[in-house]
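# show me the folded form of this:
(one chain, ligands or ions: 1)
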Amino acid sequence: MEVREVAAGILLGAAMLSMTGCHRPPTASSRRSTADQTLPPFKAVASIKELMDSTVDPSADGVWDSVGVIVNEAGTENRQPHSDAEWHEVRRHAVSLVESMNLVMIEGRHAAPPNSKAGLGELTPQQIEAAIAANRPEFNQFAAAVRDSGIEAIDAIDRKDVKALTRVGGDIDQRCEACHVTFWYPDSQRPGA
Ligand code: HEC
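Numbering: from 1, shown residues only. Coordinates of the predicted model:
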């Protein structure tokens, strides 16, 4: 009788222990590990400078070069995509541009590869990194603005609307510059400034 009571006591104790185990409020470290599991394992490999050079700039060029008026010795050419294949090619560039802006927002990117030198009027890579760290939301907003214009470009492409694509191309240019004059060369003399 006495033994069974003790055994029951142990069982009850074990049950309570496991209950408190279940209902333990999450500690800082257990919360962090849950968040880690939901975040994709992004790894920023390229610097911002390399990302600009390898992805952002070529895809923006692909959009800009697809439309416009070219005047040269041969005469005046109104450039625009003609075939479905040509429109598809421009669309590829617009899609790359949009997604490249998501890449720009990934944290932990260096501004430039080691030993990069700043050009005249440009912040050093260390200064760029400090400026971004001090104002990450603004940096992300500039990237999101280019991304939004890129989405508009895709829409214009899908409608084969040359006028709209030309206008959006101008918006993209201004939005690239907005980030550059804030985080890259804030001390440069701007025309009319
Ligand atoms: C959110 C901010 C941001 C946006 C938006 C942005 N850039 Fe940049 N870009 C930078 C920074 C910062 C640098 C300077 C990196 C460095 O030199 O360390 C840079 C550098 C560059 C460079 C120089 C690359 C090299 O090899 O020296 C080019 C070209 C460039 N950007 C093109 C563009 C174009 C085109 C767009 C728009 C389609 C754009 N950028 C949008 C932040 C931005």
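# does the nearest residue in space to residue 109 that is not next to it in sequence count as helix, strand or coil?
Closest residue in space to residue 109, ignoring its immediate chain neighbours: residue 44 at 4.1 Å, by CB to CB, 6 or more residues apart in numbering. (C-beta placed from N, C-alpha, C; glycine too.) At residue 44 the chain is in coil, as set by DSSP: H, G, I helix; E, B strand; the rest coil.
# alpha carbons only: can I get the helix or strand harbouring residue 143 in CSV?
Assigned by DSSP states H and E, residue 143 belongs to helix 136-158. What follows is helix 136-158, C-alpha atoms only, in CSV (Å, rounded to 0.1, in the frame of the first residue of the first chain):
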residue,chain,number,x,y,z
ARG,A,136,18.9,50.7,-43.2
PRO,A,137,15.2,51.5,-43.6
GLU,A,138,15.9,54.4,-46.0
PHE,A,139,18.4,52.3,-48.0
ASN,A,140,15.7,49.5,-48.3
GLN,A,141,13.1,52.1,-49.4
PHE,A,142,15.4,53.3,-52.2
ALA,A,143,15.8,49.6,-53.4
ALA,A,144,12.0,49.0,-53.1
ALA,A,145,11.4,52.1,-55.2
VAL,A,146,13.5,50.7,-58.0
ARG,A,147,11.8,47.4,-57.6
ASP,A,148,8.4,49.0,-57.9
SER,A,149,9.4,50.8,-61.1
GLY,A,150,10.7,47.5,-62.4
ILE,A,151,7.3,45.9,-61.7
GLU,A,152,5.7,48.7,-63.7
ALA,A,153,8.2,48.0,-66.5
ILE,A,154,7.1,44.3,-66.5
ASP,A,155,3.5,45.5,-66.7
ALA,A,156,4.3,47.9,-69.7
ILE,A,157,6.2,45.0,-71.4
ASP,A,158,3.2,42.7,-71.0
